[in-house]
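*Asks:* Got a sequence here, can you model it:
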Amino acid sequence: ATMANAIERRLNDMLLSQEIEGKVRINRKPIFVGCVSNFTLFLDLFRKTIRSLELGIPCVILGRNGHTSQHHYRWTELLVSLLKQHKTVPSGMVTFLSASLEDIKHILKKSEERNNGGNLY
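*Replies:* Sure thing, here's the model as predicted:
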């Protein structure tokens, strides 16, 4: 994981440089990051969120009512606290949304319609 973090960070640095040079455009519409119960996938949640924040992309962490969302809420709360403490990324770039599966589907559908494409990560 340590090696992957260093590589991913270098890739993000390259992407930001290419954006400054006008070679690419980073879509900074908020993304929705789905939560899972599996520890390996939880690490993936972390990596997707951190890498997106490094690029200035707001993140909405999704949790389903009654489906182990407490762990994800606490993780999001800790992340926001660390962002406030270190002041490297505005803490408002991260939020947590806990909703029923039907409500999540509705929100994702409306976001997709509004943004001409989905932002589910």
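*Asks:* residues making contact with the helix or strand bottoming out on mean pLDDT in the chain?
*Replies:* Across the helices and strands of the chain, the lowest-confidence element by mean pLDDT, DSSP states H and E is helix 39-54, at a mean of 82. With contacts defined as C-beta atoms under 8 Å, 6 or more residues apart in numbering, helix 39-54 is touched by 1, 4-5, 8-9, 12, 31, 33-36, 59, 61, 71-72, 75, 79, 83, 89, 93-94, 121. For glycine as for every other residue, the C-beta is placed from the backbone atoms N, C-alpha and C.
*Asks:* Next one: Lys105 from Phe32, what distance?
*Replies:* For Lys105, the distance to Phe32 (C-beta to C-beta, to the nearest Å) stands at 11 Å.
*Asks:* neighbour count winner among the two?
*Replies:* Between Lys105 and Phe32, Phe32 has the larger neighbour count (other C-beta atoms under 10 Å), namely 18 against 11.
*Asks:* Now do the helix or strand that contains that one: which elements does it pack against?
*Replies:* Element membership for Phe32, per DSSP states H and E: strand 31-34. Helices and strands touching strand 31-34, by 3 or more C-beta pairs under 8 Å, 6 or more residues apart in numbering; DSSP states H and E, are helix 39-54, strand 59-64, helix 101-115.
*Asks:* Can you check what angle separates the longest one from strand 59-64?
*Replies:* This means helix 39-54. Orientation check (axes from the mean of the first three to the mean of the last three C-alpha atoms, to 10 degrees): helix 39-54 against strand 59-64 gives 150 degrees.
*Asks:* The last one now?
*Replies:* For helix 101-115 and strand 59-64, the angle between their directions (the same axes, to 10 degrees) works out to 150 degrees.
*Asks:* What confidence value was assigned to the residue of the chain positioned farthest from its centre?
*Replies:* The centre of the chain is farthest from one residue, Glu21, which by C-alpha atoms, centre = their mean lies 25.1 Å away. Here the pLDDT value assigned to Glu21 is 97.
*Asks:* Doesn't Ile26 belong to a helix?
*Replies:* No: looking at Ile26 with DSSP: H, G, I helix; E, B strand; the rest coil, it is coil, so not inside a helix.
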